[in-house]
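[1] Just the structure for this:
(one chain, ligands or ions: 2)
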Amino acid sequence: MKHLINLRVNGNTYPVDVEPRERLLDVVRYKLDLTGPKEGCGTGDCGACTMLVDGEPVTTCLVLAMTARDREITTVEGLSRPGELSAVQQAFVEKTALQCGICIPGFVVNTTALLHEHPHPTEEDVRYWLQGNLCRCTGYTKILEAVQQAANASNGSH
Ligand code: FES
Ligand code: FES
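    Ligands and ions are numbered 1, 2, ... in the order given. Okay, the predicted model is just below:
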């Protein structure tokens, strides 16, 4: 049986019909058409589906949409303003920290959470925080550089 719930995503409220078994990732991608978050594994192991829920990074392939009602959800789309990428998004572009791109929305969202919590992360902090985000293409070097660049930009020291 479907239930009508309100989902708050990227500052907008969406009334949406969901089945109790539907995952937040699927509802956001296929009912709200926000396709930034990706499905890599579907088992909580790769981080590609990461969104912020009340500011915390969450692997949304493991979350039922019903449990996210009235929470503040942020996808990678919600990090930018019209015509302006966030510092993290900009750094990933400038460092070309991507290849196929499947993992990148999760990295960008989780890096945003990291820099909120640790504005001056060491490389060890970054590796620890992002250990749940897997990338099969880049070898991580460019990603680490992008995170550091974003931290510097966020702190006003380009
Ligand atoms: S798709 Fe959710 S962690 Fe991999
Ligand atoms: S860029 Fe392809 S998995 Fe990360």
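[2] So which residues on the protein come close to ligand 2?
    Residues of the chain found near ligand 2 (Cβ under 6 Å from any ligand atom) are 98-103, 135-138. Where you see a C-beta, it was placed from the backbone N, CA and C, and this is true even at glycine.
[3] ok, now with 5 Å
    Those residues of the chain that sit near ligand 2, judged by Cβ under 5 Å from any ligand atom, are 98-100, 102-103, 135-137.
[4] Let me know how buried the residue lying closest to residue 107 once chain neighbours are set aside is, in neighbour terms.
    Beyond its immediate neighbours in the sequence, the residue positioned closest to residue 107 (Cβ to Cβ, 6 or more residues apart in numbering) is residue 133, lying 5.1 Å away. Residue 133 is flanked by 23 other residues according to other Cβ atoms under 10 Å.
[5] Quick check: which ranges of this protein have low pLDDT?
    Within the chain, the stretches with pLDDT under 70 are 156-158.
[6] returning to what we had before: would you quantify the distance from the residue nearest to residue 107 to residue 30?
    23 Å (Cβ to Cβ, to the nearest Å).
[7] And for residue 91?
    The gap separating residue 91 from residue 30 is 30 Å, by Cβ to Cβ.
[8] out of the two, which sits in the busier spot?
    Each of residue 91 and residue 30 has its neighbours counted (other Cβ under 10 Å); residue 91 has more, 24 against 11.
[9] how is this structure carved up into domains?
    Dividing the chain into domains by automatic domain parsing, as the record does, gives the ranges 3-78, 87-154.
[10] how about the helices of the protein, start to end?
    Assigned by DSSP state H, the chain shows helices spanning 24-26, 87-94, 104-117, 123-129, 141-154.
[11] Point to the residue nearest the middle of this protein.
    To find the centre residue of the chain, average its C-alpha atoms and take the closest one (Cα atoms, centre = their mean): that gives residue 109, at 2.9 Å.
[12] mind checking how far that residue is from residue 13?
    Separation of residue 109 from residue 13 (Cβ to Cβ) stands at 20 Å.
[13] Show me which residues of this structure are close to ligand 1?
    Along the chain, the residues adjacent to ligand 1 under the rule Cβ under 5 Å from any ligand atom are 39-41, 44, 46, 48-49, 59, 61.
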